Every structure is written in structure tokens, then in C-alpha cells.
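# Pasting the sequence and the predicted coordinates here, then a few questions.
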Amino acid sequence: MRVLNEQNLGLLRPEMRHGVFACEYVMNKYGEELTITWIRGGKHKEGSLHAKRRAIDGLLPGVRQAEIFGEIKDLIGPEYDLVIEEDHFHLEWDPK
């Protein structure tokens with residue numbers, strides 16, 4: 001796992017760490033490296049959960065995105081939202 005922009009995984013809520021480890025596990029399974037770009041900082045939409053330590057942004061994997069993100073969703077469950085943007089993915093813990 002790589003963490004860019006001097007971000008600190010220790011800032012994340014424990015529930016978000018579960019999501020991060022699920023991402024890392026699945027990406028490694030496909031030969032990809034999880035690269036986190038933002039935990040806090042960066043530009044985010046109003047109401048973003050980044051400020052509450054409940055979200056990350058990461059680089060998209062280079063291959064088999066549908067399979068990778070499908071497996072991640074299966075592991076993390078319904079309390080998490082995984083959004084695929086044009087140039088990154090966004091994962092947040094947002095229990096309903």
C-alpha cells in the first residue's frame with residue numbers, strides 16, 4: 001500500500017480501516033497496489049466525510065476494475081459507499 005500527499009492512516013476511524021484493508025486485500029489479489037491519495041486535505045464536495053475521518057480517495061487500479069470493485073463491495077458490506085469517479089475512487093463509511 002502506498003499513501004501519497006503525506007496522509008496518515010492513523011487519522012481514520014477504525015471502521016474505515018476495515019474498508020482500507022479490504023481494498024488492499026482485493027487489489028493485492030489482482031496484482032495491484034492500493035494507492036491512497038487523500039484522507040484529509042484535497043478538494044472534496046460539500047458534506048464530504050473526509051473531514052470526519054470516514055473517507056479515502058485512491059487511484060484506480062490499472063486492470064479488471066469491475067471485478068476488483070465488485071469483490072471489495074462484497075467484503076465491506078452496505079455500511080460503506082464505493083464510488084468510482086473518472087480519475088479515482090472514493091470509499092466512505094456511511095452507515096444508514
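Here it is on my side, so go on. Because the structure is predicted, anything quoted here is derived from the model rather than measured.
# Show me which positions of the longest helix belonging to the chain end up buried.
Assignment by DSSP state H gives helix 14-29 as the longest helix of the chain. Using 16 or more other CB atoms under 10 Å as the test for burial, helix 14-29 gives 16, 18, 19, 20, 22, 23, 24, 26, 27. For glycine as for every other residue, the C-beta is placed from the backbone atoms N, C-alpha and C.
# out of the residues you listed, who's nearest residue 85?
residue 23 (14.9 Å; CB to CB).
# what's the distance between the closest residue to that closest one other than its chain neighbours and residue 46?
Leaving aside its chain neighbours, residue 23 sits nearest to residue 34 (5.1 Å; criterion: CB to CB, 6 or more residues apart in numbering). Counting by CB to CB, to the nearest Å, the separation of residue 34 from residue 46 is 27 Å.
# now do residue 87
From residue 87 to residue 46 the distance is 20 Å (CB to CB).
# quick one: which of those two has more around it?
Taking other CB atoms under 10 Å, residue 87 and residue 46 do not tie; residue 87 has more neighbours (8 against 4).
# any idea which helix or strand carries the nearest residue to residue 51 once chain neighbours are set aside?
In space, and not counting its chain neighbours, residue 51 is closest to residue 40: 6.8 Å by CB to CB, 6+ apart. Counting by DSSP states H and E, no helix or strand carries residue 40.
# Residue 90 now?
Per DSSP H and E: strand 89-93 holds residue 90.
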